[in-house]
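Q: here is the input, now give the coordinates:
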Amino acid sequence: MTDIAEFDLANAGARVEGHGSAAWIAEARELMKLAGPLIVTQVAQMAIGVTDTVMLARYSSEALAGAVLGNTLFYFCWILGSGPMAAVSPMIAHVLGADPKDEKNVRMIARMGFWSLAMISLPLLVFLMFAHALLLMLGQSEALATAATTFLTPLSVGLPFSLGFQLLRNYSTALSRPNASLIVMGFAVAFNAVADYGLIFGHFGLPRLGLMGSGIASASSYTFSFLTMLLVVRLTPRLHRYRIFRDFADYDWSKLREIYVLGLPIGLTMLFEATLFFASNFIMGHFGLETLAAHTVSLNIPSVTFMVPLGIAMAATVRVGLAAGAGDREAVMRAGWSAIAIAAAFMTLCAVVLAIYPYQIASLILPPTPANHGALLLAVTFLHVAAAFQLFDGVQVTAALSLRGLKDARAPMWIAGASYWLAGFPTCILLGFGLGMRGFGIWIGLAFGLFVAAILLCARFWYLARIR
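A: Residues are numbered from 1 along each chain as shown. Predicted structure coming up:
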């Protein structure tokens, strides 16, 4: 066959048509043009959390513990709310894949996204109002529940704004303008650092509010991110041309319904994986503080490397969606498998580095002092397992978000539930407690859950891409 690679530059992104090696290379290039800013944005979002942790750790260990607990409840609600926001990206990509000039439907999808944001934020905020009672029911001490609530009460105000930023970010990504959210997140990192420093410690003439100050700073940074993103959308011709707030009272029930039908399973899919790792934190506590410290350090490292395949996967949602909207089955296959292959290659490189230098990497987080010697040795063991599951982790997220580009959300939800809670969690318990492997067994269980998810999600994408 002759190598052919044509581009439709009128589209939101350059949709690659044709076949042969040139088309695969062109697709990989378009994918990475979109993925690059998304990866940096993900890392920047992590930087905000790291800033909070570092500053609260310097304030007091009690404040840090309260923030960790409060953030756990906040993140639970954020995941549920972010599902409908994530649905906006594949829906717009499908529309533009079918007709690059369809401004009306793009505008309506974005508008219904904001409607869904308003609808889902209220019950989530009500849930967070009962955080103190909920934490006591879960067996937390009165002091820790009070500390978490002190942090969470102001932080919860930022939830709708955080979700609103995600909505606008997915809107701009679907239009192949990922730099918009990257610019905003860069400013947000600086804003959050200054606000944290001022409100936690009482600098710049601000009151010394400690834990509450951190919650206010984080909520303020979410509000800042949303408002700044609105401004960037207004000032970017490609994003403003759809005028997403024009005739805002007009509605389309079918699109609103699709946002929830697609978005709620997306949220539950993310929740299944997140809760498994949350549960591992509680399980590790049974094996002592040293094991828990090693576990916490070891989880932070693959969390950083995971940002790269996550950014690639987010780009894959758009690339697959454009091809699916155009009805181009070959382009769907090319977009999805290119993303999976690139993510797999990067994570394989990370696995090699983790396998060779686990002690040196762990020492970057946990100082190699005599008091930390036992925790570092355990961290080395855990990082060897992390090296083994790097490939599975990168493949599963890329396959899952490629399926999202096909508007396939329910099957990945069930696959995630089965992989993490019917395969991964029982393996954790069996190896960690039943066979006495303790923390090492827990990590093998986590790796097994990711392995099962990667295999099943890839099989699902292969099946759907063939029949589209």
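
Q: quick check: residue 409 touching residue 267?
A: No - the criterion here is Cβ atoms under 8 Å, and residue 409 misses it with residue 267 at 9.4 Å. (Each C-beta comes from the backbone N, C-alpha and C, glycine too.)

Q: could you dump stretch 160-174 to PDB, C-alpha only?
A: Below are the C-alpha coordinates for stretch 160-174, written out as PDB (Å, rounded to 0.1, in the frame of the first residue of the first chain):
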ATOM      1  CA  PRO A 160     -18.000  24.100  42.000                       C
ATOM      2  CA  PHE A 161     -15.200  26.300  40.800                       C
ATOM      3  CA  SER A 162     -12.800  23.400  40.500                       C
ATOM      4  CA  LEU A 163     -15.300  21.400  38.500                       C
ATOM      5  CA  GLY A 164     -16.000  24.500  36.400                       C
ATOM      6  CA  PHE A 165     -12.400  24.700  35.600                       C
ATOM      7  CA  GLN A 166     -12.300  21.100  34.600                       C
ATOM      8  CA  LEU A 167     -15.300  21.700  32.300                       C
ATOM      9  CA  LEU A 168     -13.700  24.600  30.500                       C
ATOM     10  CA  ARG A 169     -10.400  22.600  30.300                       C
ATOM     11  CA  ASN A 170     -12.200  19.700  28.600                       C
ATOM     12  CA  TYR A 171     -14.000  22.100  26.300                       C
ATOM     13  CA  SER A 172     -10.700  23.700  25.200                       C
ATOM     14  CA  THR A 173      -9.000  20.300  24.900                       C
ATOM     15  CA  ALA A 174     -11.800  19.000  22.600                       C
END
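
Q: so the residue lying closest to residue 438 once chain neighbours are set aside, which state does it fall into?
A: Among residues not flanking residue 438 along the chain, residue 287 sits closest, at 5.1 Å (Cβ to Cβ, 6 or more residues apart in numbering). Per DSSP: H, G, I helix; E, B strand; the rest coil, the local secondary structure of residue 287 is coil.

Q: residue 101 too?
A: With three-state DSSP as the basis, the three-state label of residue 101 is coil.

Q: over to residue 244?
A: coil.

Q: contact partners for it?
A: When contacts are counted by Cβ atoms under 8 Å, 6 or more residues apart in numbering, residue 244 touches 107, 110, 111, 114, 171, 233.

Q: make it 7 Å
A: 107, 110, 111 (Cβ atoms under 7 Å, 6 or more residues apart in numbering).

Q: those residues into a markdown table, with extra columns for distance to residue 76, neighbour count and secondary structure?
A: Output for the contacts of residue 244, formatted as a markdown table (distance: Cβ to Cβ, whole Å; neighbours: other Cβ atoms under 10 Å; DSSP: H, G, I helix; E, B strand; the rest coil):
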| residue | distance to residue 76 | neighbour count | secondary structure |
| --- | --- | --- | --- |
| 107 | 32 | 20 | helix |
| 110 | 26 | 25 | helix |
| 111 | 27 | 23 | helix |
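
Q: can you redo the residues you listed as a markdown table with distance to residue 326 and pLDDT?
A: A markdown table is the format used below for the contacts of residue 244 (distance: Cβ to Cβ, whole Å; pLDDT from 0 to 100):
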| residue | distance to residue 326 | pLDDT |
| --- | --- | --- |
| 107 | 20 | 94 |
| 110 | 21 | 94 |
| 111 | 24 | 94 |
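
Q: from these, which is closest to residue 311?
A: Within the contacts of residue 244, proximity to residue 311 (Cβ to Cβ) peaks at residue 110, which comes in at 21.9 Å.

Q: so how far is residue 171 from the closest one?
A: Separation of residue 110 from residue 171 (Cβ to Cβ, to the nearest Å): 5 Å.

Q: cool, and residue 374?
A: Distance from residue 374 to residue 171, counting by Cβ to Cβ: 49 Å.

Q: looking at those two, which one has more neighbours?
A: Neighbour count, other Cβ atoms under 10 Å: between residue 374 and residue 171, residue 171 has more, with 26 against 14.

Q: for the more buried one, which residues are in contact?
A: Taking Cβ under 7 Å, 6+ apart, we find residue 171 in contact with 88, 92, 110.

Q: which one of these is nearest residue 391?
A: For these, the nearest to residue 391 is residue 88 (30.1 Å; Cβ to Cβ).

Q: in a helix, that closest one, correct?
A: Yes - looking at residue 88 with three-state DSSP, it is inside a helix.

Q: okay, now it: neighbour count?
A: When neighbours are defined as other Cβ under 10 Å, residue 88 has 29 of them.

Q: which stretches in the stretch 51-200 of the chain count as helices?
A: Secondary structure of the stretch 51-200 of the chain (DSSP state H, counting those that start in this stretch): helices located at 61-98, 103-129, 131-137, 142-156, 159-174, 179-201.

Q: could you give the angle of the first one to helix 142-156?
A: Spelled out, it's helix 61-98. Inter-element angle recorded for helix 61-98 and helix 142-156: 40 degrees (by axes from the mean of the first three to the mean of the last three Cα atoms, to 10 degrees).

Q: quick check: mean pLDDT across helix 61-98?
A: The pLDDT scores in helix 61-98 average 88.
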